[in-house]
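Q: Predicted model and sequence below, questions to follow.
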Amino acid sequence: MIIRSLVVGPLQANCFIIGDEKSRKAIVIDPGDEPDIITKVVDKERLTVEYIFCTHAHFDHVGAVPDLKKISHAKIVLHRDELEIYSAAKDMAAVWGYDLDPLPTPDLLVTDGEEIKIGSLTFTVLHTPGHSPGGMCLFGQGVVITGDTLFAGAVGRTDFHGGDMKKLKQSFDRLMSLPPDTKVLTGHGPDSTIARERSENFFPKLFT
């Protein structure tokens, strides 16, 4: 399995490119900005992007979706409960002082438990609301890509539209039930593991 990570955009979001070494098929997760840099990595690795996967639709995670869609013709994957946030991404970006191109209509609206196959690789969609209504993680091959649901030592904020602390706690607990050696690829900041987050993350202390 090929995993390449890029830090993109003014809010330093993590974008991940995951590819199958045999078929060279790939998925791009959270292309928040700088589509030219993302495309260069895809081309360097000789990959064909089949899916553009949005863990959630805040503008710093979807800013490069329009350009990447035009270049790759890949299918845009979004959770059904995230459509409202997706449609409002341009307005949210404007509030923060950024301009966002209109977002293409998603090709696949997924729900919890569905599978995404990339060549010989299989990933499972985990619906993890709290930071946003349709927030989701992608789990498989010993890794979980968590978007802004889970960070190293922290979690995503819940004060944006659609945020919900109770649901975030449920999502956090669900992620903590994954195998301890699972590698956590986060939406911002460094990588972690489930074992490390079980012992070091501050979030559970808010409920004790």
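A: Received it, and whenever you're ready, just let me know what you need. Residues are numbered from 1 along each chain as shown.
Q: Can you classify the residue nearest to Pro129 when sequence neighbours are not counted by secondary structure?
A: Spatial nearest neighbour of Pro129, chain neighbours left out: Lys167 (4.5 Å); criterion: Cβ to Cβ, 6 or more residues apart in numbering. Using the backbone N, CA and C atoms, a C-beta is placed for each residue, glycine as well. On the three-state scheme (DSSP: H, G, I helix; E, B strand; the rest coil), Lys167 is labelled helix.
Q: With the one 4 residues further on instead?
A: Put simply, Ser171 is helix when judged by three-state DSSP.
Q: ok, back up a step: number of nearby residues for the residue nearest to Pro129?
A: Counted with other Cβ atoms under 10 Å, residues neighbouring Lys167 total 19.
Q: likewise the one 10 residues further on?
A: Using other Cβ under 10 Å, the number of residues around Ser177 comes to 8.
Q: What spatial separation is found between the closest residue to Trp96 other than its chain neighbours and Asp99?
A: Counting by Cβ to Cβ, 6+ apart, Trp96 lies nearest to Phe59, which is 7.2 Å off, once chain neighbours are set aside. According to Cβ to Cβ, to the nearest Å, Phe59 and Asp99 sit 10 Å apart.
Q: When these two are compared, which one has more neighbours?
A: When Phe59 and Asp99 are compared on other Cβ under 10 Å, the one with more neighbours turns out to be Phe59, at 25 against 9.
Q: was I right about that one contacting Asp91?
A: No - assessed by Cβ atoms under 8 Å, Phe59 is found out of contact with Asp91, at 9.0 Å.
Q: Over to the closest residue in space to Asp101 that isn't next to it in sequence. Which of the three states is it?
A: Nearest non-adjacent residue to Asp101, counting by Cβ to Cβ, 6+ apart: Pro66, 4.4 Å away. State at Pro66, reduced to three classes by three-state DSSP: helix.
Q: Contact partners for Pro66?
A: By Cβ atoms under 8 Å, 6 or more residues apart in numbering, the contact list for Pro66 reads 101-104.
Q: Between those, which sits nearest Pro190?
A: Comparing the contacts of Pro66 against Pro190 with Cβ to Cβ places Leu103 closest, at 28.5 Å.
Q: now the helices for the protein?
A: For the chain, the helices defined by DSSP state H cover 35-44, 59-62, 65-72, 83-87, 89-95, 165-176, 194-200.
Q: Relative to the whole chain's centre, how far out is stretch 92-104?
A: Stretch 92-104 sits 18 Å away from the centroid of its parent chain (Cα atoms, centre = their mean, to the nearest Å).
Q: Then stretch 154-172?
A: Distance of stretch 154-172 from the chain centroid (Cα atoms, centre = their mean) equals 15 Å.
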